[in-house]
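A.B. asks: Based on what follows, work out the 3D shape:
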Amino acid sequence: ALLPMALVAAEAQPGVYFEHEDWELACDNTLTCRAAGYQVDDAVLSLSVLLTREGGPNQAVSGKLMLGSYDDSTWDHLPNVVNLSLYINEQSAGELTMTKPKLTGDLTPGQVTALLDAVVGTSYIEFRYQPARGASTSWYLSDQGASAVLLKMDEFQGRLDTPGALVRKGNRDEASVPPPVPVPVVRAAPLPAPLPGDENFVQNNAAALLDALRPTVSETISEDDDTFCPALIDPEYDWDFGPVEMIMAATRLNDGKMLLRAHCWEAAYNNNGDGYWVINDVAPYAPVLVTTSAIGDEDGAIFSYHWGRGEGDCISEERWTWDGEQFVHTSAYSTGMCKMVTLGGPWTLPTIVTEVK
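C.D. replies: Residues are numbered from 1 along each chain as shown. Coordinates of the predicted model:
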């Protein structure tokens, strides 16, 4: 029997990242979506709320709260166990408890429902700590951008116009919502021992290799691809590693293929990117570009790790795995917006998940 078109589209759908004002969305290839919201723009204290929903009919939304800990002085006066009260438009929506050192707590189902109703509109959302004595401390969650982010979540998961939609509710049968997609399994292939001559492969073929690589990359950054590699193209590119051919390296993948690395770019916060290509070990090399944003490779895995800015409060990471025939994109995630919530970022927001065996 033919599958409904909605199910066919869902199974083939890659992950998506979207942000608008103070909210962001990361949905992965299994149809699980995570939406994160942050403090209002003029807030003194930072926080983030994470709303998670798996794909499939009749799935509930779970919620977590993290109070900012990037600057310890903003919360070092709090006790080890903190009881917070959630207020929406000055009306109590219950309490939640969190403990140091990581001030993270689970929202109750009722609080998640109240928050969803609040952020879709215009609301005043406060998390308040009131000690037995002394002044209270408050954290304020922004509703700016939430409607667009949650609508995108509904769209990605195929929930538009269903009773379970978060924004655009309707009467379409909940059973029509696409089911979750199983986590793909990728089997990593072992790398062979080098063949005679591999140690001098780059040195002996540097000029021809560079000629083969250059048509696969560009000098400009594009949002639609990963081909940015000015160091290969611009002979006057200003960088610190010496001539590009001096830091190229090749690793044996199988009897006929090599993994070739070359430096591509440098940026602020000590970020840099190397390009990786799968090539034939004899001309024509026929390079197939994997990425130009990696920082290293090991045992058949290429990895990328970058800070969003110097404060280190937002990070992104990706990974590609050799399966014996090609490099499969096996992981991609960020840790949330650069909002000074915590060192390293508050959450793991994946757009690609796999199980590597």
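A.B. asks: low pLDDT regions in the stretch 1-150 of the chain?
C.D. replies: 1-13, 72-74 (pLDDT under 70).
A.B. asks: Which parts of it are helices?
C.D. replies: Applying DSSP state H, counting those that start in this stretch to the stretch 1-150 of the chain gives helices spanning 5-12, 109-120, 146-156.
A.B. asks: What is the very next helix or strand once past the last one packed up against?
C.D. replies: Helices and strands here follow DSSP states H and E; after helix 146-156, the next one along the chain is strand 185-186. Counting contacts by 3 or more CB pairs under 8 Å, 6 or more residues apart in numbering; DSSP states H and E, strand 185-186 packs against strand 355-356. (C-beta placed from N, C-alpha, C; glycine too.)
A.B. asks: Which strands border the strand it packs on, and is each parallel or antiparallel?
C.D. replies: According to DSSP bridges, strand 355-356 forms sheet pairs with strand 185-186 (parallel).
A.B. asks: Quick one: distance of the partner strand to the chain centre.
C.D. replies: 19 Å (CA atoms, centre = their mean, to the nearest Å).
A.B. asks: about what we covered before: tell me which of the helices of the stretch 1-150 of the chain is the most buried.
C.D. replies: Of all the helices of the stretch 1-150 of the chain, helix 146-156 has the most neighbours on average by mean count of other CB atoms under 10 Å, namely a mean of 21.
A.B. asks: Present the helices of the stretch 1-150 of the chain as JSON lines; the columns should include distance to residue 173.
C.D. replies: Converted to JSON lines, those look like this (distance: least, CB to CB, whole Å):
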{"stretch": "helix 5-12", "distance to residue 173": "11"}
{"stretch": "helix 109-120", "distance to residue 173": "22"}
{"stretch": "helix 146-156", "distance to residue 173": "15"}
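A.B. asks: Quick one: closest of those to residue 291.
C.D. replies: helix 5-12 (22.1 Å; CB to CB).
A.B. asks: Give me the contact list for stretch 169-188.
C.D. replies: 4, 6-7, 9-11, 13, 29-32, 54-58, 157-164, 300-301, 321-324, 328, 330, 353-357 (CB atoms under 8 Å, 6 or more residues apart in numbering).
A.B. asks: Could you tell me which of those count as buried?
C.D. replies: Neighbour counting with 16 or more other CB atoms under 10 Å marks 7, 10, 13, 29-32, 55-57, 157-160, 162, 164, 300-301, 321-322, 328, 330, 353-354 as buried within the contacts of stretch 169-188.
A.B. asks: How much space separates the closest residue to residue 308 other than its chain neighbours from residue 343?
C.D. replies: With CB to CB, 6 or more residues apart in numbering as the criterion, residue 308 has its nearest non-adjacent residue at 3.6 Å, and that residue is residue 314. Distance, residue 314 to residue 343, by CB to CB, to the nearest Å: 10 Å.
A.B. asks: Also residue 175?
C.D. replies: Taking CB to CB as the measure, residue 175 falls 44 Å from residue 343.
A.B. asks: higher neighbour count, the two?
C.D. replies: Taking residue 175 and residue 343 together and counting by other CB atoms under 10 Å, residue 343 has the greater number of neighbours (13 against 9).
A.B. asks: Would you agree that one is in contact with residue 313?
C.D. replies: Yes: the criterion here is CB atoms under 8 Å, and residue 343 meets it with residue 313 at 6.3 Å.
A.B. asks: Report the set of residues contacting both of these two.
C.D. replies: residue 70.
A.B. asks: Which among the helices of the stretch 1-150 of the chain is found nearest to residue 248?
C.D. replies: Short answer: helix 5-12, nearest of the helices of the stretch 1-150 of the chain by CB to CB, at 36.2 Å.
A.B. asks: so residue 165 makes contact with residue 159?
C.D. replies: Yes: with contact defined as CB under 8 Å, residue 165 and residue 159 form a contacting pair (4.6 Å).
A.B. asks: Quick check: phi and psi on the spatially closest residue to residue 26 that is not a sequence neighbour?
C.D. replies: Leaving out its chain neighbours, the residue that sits closest to residue 26 by CB to CB, 6+ apart is residue 349, at 3.6 Å. In terms of degrees, to the nearest 10, the main-chain angles of residue 349 are phi -120, psi 90.
A.B. asks: Perfect, I'm done here.
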